[in-house]
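Peer 1: test case, fold it:
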Amino acid sequence: MRKFLYIIVILIVLVLAVLFALRMFGEELSEVALVPSSEFVKQDPLETNAYLDPDMWFSRPGKGVQNDPARWQPAFADEGPETPAEEELEQQSDITSTPSPAPSPTSTPVDIETPRFAVFFVHPTSYFDPRRWNAPLDDEESQNRARLLVRGLASAFNRASEIWAPRYRQATFGAFITDLPEASQAIDAAYEDVDAAFDLFLDSVPADMPIVLAGHSQGGLMIMRLLQDRVAGTELQSRVVMAYPIGWPISIEHDLPSLGFPACATPDQSSCIVSWASFAEPPGPGQFLHRYTTLPGSDGEPRGESPILCVNPLTGTISGEAPAGRNSGSLIPNDDLSSGELVAGAVPARCSERGLLLIGDPPDLGQYVLPGNNYHVYDIPLFWKNLQQDVVRRVGAWQQANS
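Peer 2: You can find the predicted model right below:
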């Protein structure tokens, strides 16, 4: 009995030691587990015109509704599931003649049909393997996960005439939790693929069709780089009517000035940027802010304590606060994120002084909430329907102003 009690005491001490280590050294342990220890090996460049191959795209015109994850249309919780035929009919109606959704109470009505526009969407990180700095395109697990993410995130833009979502050799998750030089090399390598896909997108989209750039997390960073390198100060800037680099922290002082567009100050403004990063209350953004403050901004200067851009997805304005009643529909996923349903009025939203989007005490969304009440994975699903309405309203306003 005495030996048994000793064993129990030892196990309790070990558990407490592990919990203490996770609490005190969580970031360091994450780096050990997820950051590759190998040298960065530059990947071979893609073949010339690789993105001419439809298989290099999760979403693009011609795939058909059933094979294109971005064309998925979730139903509200009190509705029955849609049949594939009903989904396809709804998508065709959306693209051609669906009236634009009712604007939020603070917006000016835009009484037009759903406008023509094309979306270039870059998916977030889906590769977590620490054995390589960049994901190979034949890694089945990460590609299946990316397809699910396109289904849940890019589908918020499914009223677009065209949606293009490329496959790319993304940087592994560990590249975003370390300051090793190999991490920057991996991110640069991922951007080279995205840049090549963007060329094909520009060559394929009708010349008179307005363009929306969107992405989440690593995809949001890729959109920021495209804005800085390919759009700002060029002829293309007049065609890019909106940018949604969601889930990647943007410094108002050190990042925004180089992107070519201002933050969206009103719900009907176009040619502007919408971004946010979601936290439940009370937020614990320690690791999130640590990475933000230590990395330099687009101007090469440390971000430090500079405010993060927060455009409230419920009001369509910089900062601001809105109750849950303004939420037109949160996408509540099932356990494996393969499907979900819309629930209206699920969460409120308010921008904190630092620039975090606070969502109160949210519903149970599953196992992917990050430490510190960080709802990063759910940035778009939390406000899925409002985002769908937001892009249609803003592109419509742009077309009215530029008709």
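Peer 1: can you tell me how far the nearest residue to residue 253 once chain neighbours are set aside is from residue 237?
Peer 2: Using Cβ to Cβ, 6 or more residues apart in numbering and skipping residues adjacent in sequence, the residue nearest residue 253 is residue 306, 4.2 Å away. For every residue, glycine as well, the C-beta is placed using N, CA and C. In this view, residue 306 and residue 237 are 25 Å apart by Cβ to Cβ, to the nearest Å.
Peer 1: for the stretch 51-200 of the chain, what spans make up the helices?
Peer 2: 84-96, 140-153, 181-204 (DSSP state H, counting those that start in this stretch).
Peer 1: let's have those helices in TSV, adding mean neighbour count and distance to residue 360.
Peer 2: Shown next, in TSV, are those (neighbours: other Cβ atoms under 10 Å; distance: least, Cβ to Cβ, whole Å):
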stretch	mean neighbour count	distance to residue 360
helix 84-96	14	31
helix 140-153	20	22
helix 181-204	19	33
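Peer 1: right, so of these, which gets closest to residue 39?
Peer 2: helix 181-204 (7.0 Å; Cβ to Cβ).
Peer 1: just the mean pLDDT for that closest one, thanks.
Peer 2: Here helix 181-204 scores 97 as its mean pLDDT.
Peer 1: what's that helix packed up against?
Peer 2: strand 118-122, strand 162-166, helix 218-226 (3 or more Cβ pairs under 8 Å, 6 or more residues apart in numbering; DSSP states H and E).
Peer 1: please repeat the previous calculation with a cut-off of 10 Å.
Peer 2: Counting contacts by 3 or more Cβ pairs under 10 Å, 6 or more residues apart in numbering; DSSP states H and E, helix 181-204 packs against strand 57-59, strand 118-122, strand 162-166, strand 211-216, helix 218-226.
Peer 1: for residue 72, find the nearest of the ones you listed.
Peer 2: strand 57-59 (10.0 Å).
Peer 1: quick one: mean pLDDT for that closest one?
Peer 2: 98.
Peer 1: list the buried residues of stretch 280-300.
Peer 2: 280, 283, 285, 287, 288, 289, 291, 292, 297, 298 (16 or more other Cβ atoms under 10 Å).
Peer 1: neighbour-wise, which of residue 306 and residue 237 wins?
Peer 2: residue 306 (20 against 15; other Cβ atoms under 10 Å).
Peer 1: quick one, what contacts that one?
Peer 2: 249, 251, 252, 253, 254, 255, 256, 292, 293, 297, 354, 355 (Cβ atoms under 10 Å, 6 or more residues apart in numbering).
Peer 1: make sure residue 365 is indeed in a strand.
Peer 2: No - counting by DSSP: H, G, I helix; E, B strand; the rest coil, residue 365 is not found in a strand; it is coil.
Peer 1: doesn't residue 54 make contact with residue 60?
Peer 2: Yes - using Cβ atoms under 10 Å, residue 60 is in contact with residue 54, at 6.4 Å.
Peer 1: who has more neighbours, these two?
Peer 2: residue 60 (20 against 11).
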